[in-house]
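[1] 3D, please:
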Amino acid sequence: MKNKGEILAAILTDFNDCHFFLHNTREFSIVEKILKEGFIFESQLPHSTDRVNPNEPIEITYFLIQRKDYGPYTVIVAIPKNTYEIYSDVSNDNDTGIEEVITITEPFYGDNDELVYTLSPKHILGYFNTRTAEFYKNVNWDPSFNNCLFRSPVKRPVRPDSP
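    Numbering: from 1, shown residues only. Presented below is the predicted three-dimensional model:
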C-alpha cells in the first residue's frame with residue numbers, strides 16, 4: 001500500500017514537465033481563494049512553499065510529515081519548466097528578482113516589512129487532501145500561461161521610508 005507522499009508523487013508525475021512547489025493550509029476557504037485568485041506570498045516563493053521533485057516520493061512524504069501541522073490541504077504550484085526558464089531569463093535580463101516577473105499584481109510592502117507578491121491561479125495545479133489522499137485539479141490551471149505576455153517585470157520597489 002502506498003503512503004500519501006507516494007500517491008501525491010505519482011499524481012505529479014503526470015505533469016512531469018513542471019517545477020512543483022507545495023504549501024499546506026488548514027482552511028479549505030483559503031484553498032478555494034488560492035485556486036480562484038492566486039497564491040499570495042512574502043519575499044520569495046520558497047519562503048512560503050517547498051520545492052519538490054515527483055521522481056523522489058520520499059521527498060514528498062517527508063514534506064507531508066514536516067508540514068502536517070500547517071493543515072491537511074496541500075496546495076500545488078506547478079510552473080512548466082520552459083515557462084520558469086523564460087521567467088528566469090526575463091529576471092536576469094531586467095536585473096530584478098523572479099518574483100517581480102511572476103507576480104500578477106504590483107508588489108507592495110506588507111505588515112512584516114517584506115514585499116508581497118501574487119502568483120497567478122493559472123500556476124496553481126490544484127490541491128491534495130492529506131486526510132483522504134485525493135487530488136483535486138484547479139480548473140484555472142493553464143500550462144501555457146506565461147505572465148510575461150500580460151505584465152512587464154518591474155524593479156523591486158524601494159521601501160517608502162528609505163533615504
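
[2] what residues are bridge-paired with Y109?
    Y109 has these beta-bridge partners by DSSP bridges: L115.

[3] surely it meets S43?
    No: with contact defined as CB atoms under 8 Å, Y109 does not reach S43; the gap is 10.6 Å. For glycine as for every other residue, the C-beta is placed from the backbone atoms N, C-alpha and C.

[4] so who does the residue nearest the centre of the chain touch?
    Centre of the chain computed as the mean C-alpha position; nearest residue by CA atoms, centre = their mean is V77, 3.6 Å away. The contact partners of V77, by CB atoms under 8 Å, 6 or more residues apart in numbering, come to F20, F21, L22, H23, F39, L45, T49, L119, H123, I124, L125.

[5] elements contacting the helix or strand containing I34?
    Using DSSP states H and E, the element containing I34 is helix 28-37. Where contact means 3 or more CB pairs under 8 Å, 6 or more residues apart in numbering; DSSP states H and E, helix 28-37 is packed against strand 73-80, strand 124-129.

[6] now those in JSON lines, with mean pLDDT and distance to E32?
    Shown next, in JSON lines, are the helices and strands packed on helix 28-37 (pLDDT from 0 to 100; distance: least, CB to CB, whole Å):
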{"stretch": "strand 73-80", "mean pLDDT": "98", "distance to E32": "10"}
{"stretch": "strand 124-129", "mean pLDDT": "98", "distance to E32": "9"}
